[in-house]
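A.B. asks: A structural model of the following input is requested.
(one chain, ligands or ions: 1)
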Amino acid sequence: MDWLHKARSVFVLSDAAIDEYLATLFVSTLGHGPRIAGELIVNADCIADPAMVTGLKIRRALGLDIPLGLSAARGWNPFPWQYREDCIRLGQIDMLREIEIPSQSWADGDAMLRDYLQACAPGEALILCMCPPTPLTDILRAQPALATRIGGMIWMGGALNVPGNLDPATLPAAVCNPSAEWNVFWDPSSADWLFRHTDFPLLLAPLDASDPVKISAELLRTLREQAANGSKLSELAAEAYSLVADEKFYRLWDVVSALPLLDLDLFHHHDTGLEVISHGPAQGTVREHPGGRRATVLSGVRDLPQLYARVCRQFNHG
Ligand SMILES: [Ca+2]
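C.D. replies: Okay, here's the model as predicted:
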């Protein structure tokens, strides 16, 4: 797993759920970690325009200079609208409400990702994907040689030995299978292509790793204390997580996927083969398969209090 710690830069793929904005900010606090070369937003678990506005507001509020673009990637199974509006609510928290972002044409996120891969030497690029991988697979399908630039990829996706996260309250029963995870289900054929046609190191952060990492009362209390002591990042994190703290299914899925950049040993992990079910009633499922795509999988949290402590320490910035 040398590649996790050798990378000098990382490109972030996000679909602008609340925890994803925070995961990007978490990566920005890793002093000796990779510099964020850019971030693109996919119009998946969000609504594209307000998602971009909220991303730019956060950059303005915290004085961050991280390039942000919008991907044109299209999916197959759309996210429920009630999830997608979280990016609007986030843009209206106290810290962000007054910030004006002028109407504009958004930077081309797909071109940013392609340019990043082209500018990297072989094995130099690091991808942190907290959403469906479609923007990346669209580029690699068109220019397969660019895969050689990728030294490793972390992907928040799948549910191996725990239930998936399609909620029957938000989907027709006929499509709502119990083992799919949304970042796979949105575009199962993209995930399948990634597994069949690439062989760079892959670290999968499935629901198995994030299920225990809830928005706990203790997490919110610590963030609020840090905010009261002057940390703007903690203030933003506390306000943002408070918006979804009552949603029983909400987890720090994306901060969990970013945490290995700080310390992989916060997790139990093992190497295995993986496959994607891309068609039929179980589509969107990732499962272990001995002959499948090689990956390292985060299978659980070793020490939950320690994990929360490390997250809070990183958020105790600026
Ligand atoms: Ca996501």
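A.B. asks: continuing past the strand of greatest length in the chain, what's the next helix or strand?
C.D. replies: Looking across the chain with DSSP state E, the single longest strand is strand 267-277. As assigned by DSSP states H and E, the chain's next helix or strand after strand 267-277 is strand 285-288.
A.B. asks: Buried residues in the longest strand of the chain, which are they?
C.D. replies: For strand 267-277, the neighbour count (16 or more other Cβ atoms under 10 Å) marks 267, 269, 272, 274-277 as buried. Yep, even glycine has a C-beta here, placed from its N, CA and C like the rest.
A.B. asks: Just give the strands next to it in its sheet, each with its orientation.
C.D. replies: Strand pairing for strand 267-277, determined by DSSP bridges: strand 285-288 (antiparallel), strand 293-301 (antiparallel).
A.B. asks: Off-centre distance for that strand?
C.D. replies: The chain centroid and the centroid of strand 267-277 are separated by 18 Å under Cα atoms, centre = their mean, to the nearest Å.
A.B. asks: What average pLDDT does that strand get?
C.D. replies: Here strand 267-277 scores 98 as its mean pLDDT.
A.B. asks: Which residues does it contact?
C.D. replies: For strand 267-277, contacts defined as Cβ atoms under 8 Å, 6 or more residues apart in numbering pick out 158, 184, 188, 191-192, 195, 203-204, 209, 259-260, 283-302.
A.B. asks: List every C-alpha atom in it, with coordinates, as CSV.
C.D. replies: What follows is strand 267-277, C-alpha atoms only, in CSV (Å, rounded to 0.1, in the frame of the first residue of the first chain):
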residue,chain,number,x,y,z
PHE,A,267,-9.4,-0.2,9.7
HIS,A,268,-9.4,-4.0,9.4
HIS,A,269,-8.5,-4.7,5.8
HIS,A,270,-7.7,-7.6,3.5
ASP,A,271,-6.8,-8.3,-0.1
THR,A,272,-9.4,-10.1,-2.2
GLY,A,273,-11.0,-10.5,-5.7
LEU,A,274,-14.2,-8.6,-6.5
GLU,A,275,-16.9,-8.6,-9.1
VAL,A,276,-19.9,-6.4,-9.9
ILE,A,277,-23.4,-7.6,-10.7
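A.B. asks: Just give me how far stretch 198-215 sits from the chain centre.
C.D. replies: Relative to its parent chain, stretch 198-215 has a centroid offset of 10 Å by Cα atoms, centre = their mean.
A.B. asks: can you tell me the distance between the two ends of that stretch?
C.D. replies: Using Cα to Cα, to the nearest Å, one end of stretch 198-215 lies 34 Å from the other.
A.B. asks: Repeat that for stretch 221-234.
C.D. replies: End-to-end distance of stretch 221-234: 10 Å, with Cα to Cα as the criterion.
A.B. asks: likewise stretch 96-105?
C.D. replies: End-to-end distance for stretch 96-105: 21 Å, by Cα to Cα.
A.B. asks: same thing with stretch 145-160?
C.D. replies: Stretch 145-160 stretches 30 Å from its first residue to its last (Cα to Cα).
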